[in-house]
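**Student:** please find the sequence and the predicted model below.
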Amino acid sequence: MSRVVTETMVRVEDVHKSYGTGAAAVHALRGVSFEVPRGELVALKGRSGSGKTTLLNIVGGLDTPDHGRVHVDGSDLAGLDEAGLLALRRDHVGFVFQSFGLIPILTAAENVGVPLRLRRADPREREERVALLLSLVGLADHAAQRPGELSGGQQQRVAIARALANSPSLLIADEPTGQLDAETGHAVMELLRAVVRSERVTALVATHDATLLDLADRVLELGDGEITEH
Ligand SMILES: Nc1ncnc2c1ncn2[C@@H]1O[C@H](COP(=O)(O)OP(=O)(O)OP(=O)(O)O)[C@@H](O)[C@H]1O
Ligand SMILES: [Mg+2]
């Protein structure tokens, strides 16, 4: 993939996305434009149905816009075919979802190592990276536990470590604390804030969590498919 180093990690220009057709059409995004500078943590808020997940999926190459342009780390996503989008998701973007998405039969360490296996990283390099990431998220002593043996907050910390495994340039998180109690959510958001600094990653996080809205470098608000505040 050809890319130029840019100070803008994400550039979204006039993105539109509808689901369905005719009278039943839902206009999830109606001309959204914004930029996320490299190294920043940007929070995305907005009520349920305002288009947050739709927008994150488009920025992460999981979905395509009907109209408009998206650049991630210097790449125009419209110029990528399926293989190119797959490579973008595998090598440049880390995803964290509300439901954690860990593989139940794998230990915490094995879950974190999955992206490195997919990339066929050297096993020694993989083990070192996994150990480093587990200690980064405060779970060095829980490496051998399976998701069912971890608390919700611990599972989400494993998911954050996994998202960072391939040193992505962009971390996308969709309501990462949505299933956690307030106190645990607070700790997970502080961890996200810390890893954005220590791993020099850029993050775009959909959330209603007041902690993260305070810790973010910038807050964007979506309302009915449009940016209403930034
Ligand atoms: N696959 C789909 N098919 C049809 N409509 C969809 C689809 N995905 C999303 N929508 C609609 O698009 C709009 C935006 O949905 P989206 O999931 O992006 O909102 P959201 O801001 O993430 O909401 P929440 O806070 O509840 O997660 C909603 O009206 C939703 O019903
Ligand atoms: Mg959503």
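**Tutor:** In hand now; what should we look at? Ligands and ions are numbered 1, 2, ... in the order given.

**Student:** what's the neighbour count on the residue of the chain at minimum distance from ligand 2?
**Tutor:** For the chain and ligand 2, the shortest gap (CB to the ion) falls at Thr53, measuring 3.2 Å. For the C-beta atoms, the positions are set from N, CA and C on the backbone; glycine is no exception. By other CB atoms under 10 Å, 19 other residues sit near Thr53.

**Student:** tell me the spacing between it and Asp63.
**Tutor:** Distance, Thr53 to Asp63, by CB to CB, to the nearest Å: 9 Å.

**Student:** what residues does this structure put near ligand 2?
**Tutor:** For the chain, the contact set with ligand 2 under CB under 5 Å from the ion comprises Lys52, Thr53.

**Student:** which residue lies nearest the spatial centre of the chain?
**Tutor:** Ile172 (1.4 Å; CA atoms, centre = their mean).

**Student:** from memory that residue sits against Val59, does it?
**Tutor:** Yes: the pair Ile172 / Val59 is scored as a contact, 6.4 Å apart, by CB atoms under 8 Å.

**Student:** any shared contact partners between these two?
**Tutor:** Counting by CB atoms under 8 Å, 6 or more residues apart in numbering, the shared contacts of Ile172 and Val59 are Leu204.

**Student:** coming back round to it: and the residue nearest to the centre of the chain, bridged to which residues?
**Tutor:** Per DSSP bridges, the residues bridged to Ile172 are Phe95, Leu204.

**Student:** all helices for the chain, in order.
**Tutor:** With DSSP state H as the criterion, the chain has helices at 52-59, 82-91, 108-118, 123-136, 152-164, 182-198, 210-215.

**Student:** give the rounded mean pLDDT of the longest one.
**Tutor:** Right, helix 182-198. Average pLDDT, helix 182-198: 90.

**Student:** got it, and stretch 38-48?
**Tutor:** Here the average pLDDT along stretch 38-48 is 95.

**Student:** next one: that stretch to chain centre, how far?
**Tutor:** 10 Å (CA atoms, centre = their mean, to the nearest Å).

**Student:** then stretch 34-50?
**Tutor:** Centroid separation for stretch 34-50 versus its chain: 11 Å, with CA atoms, centre = their mean.
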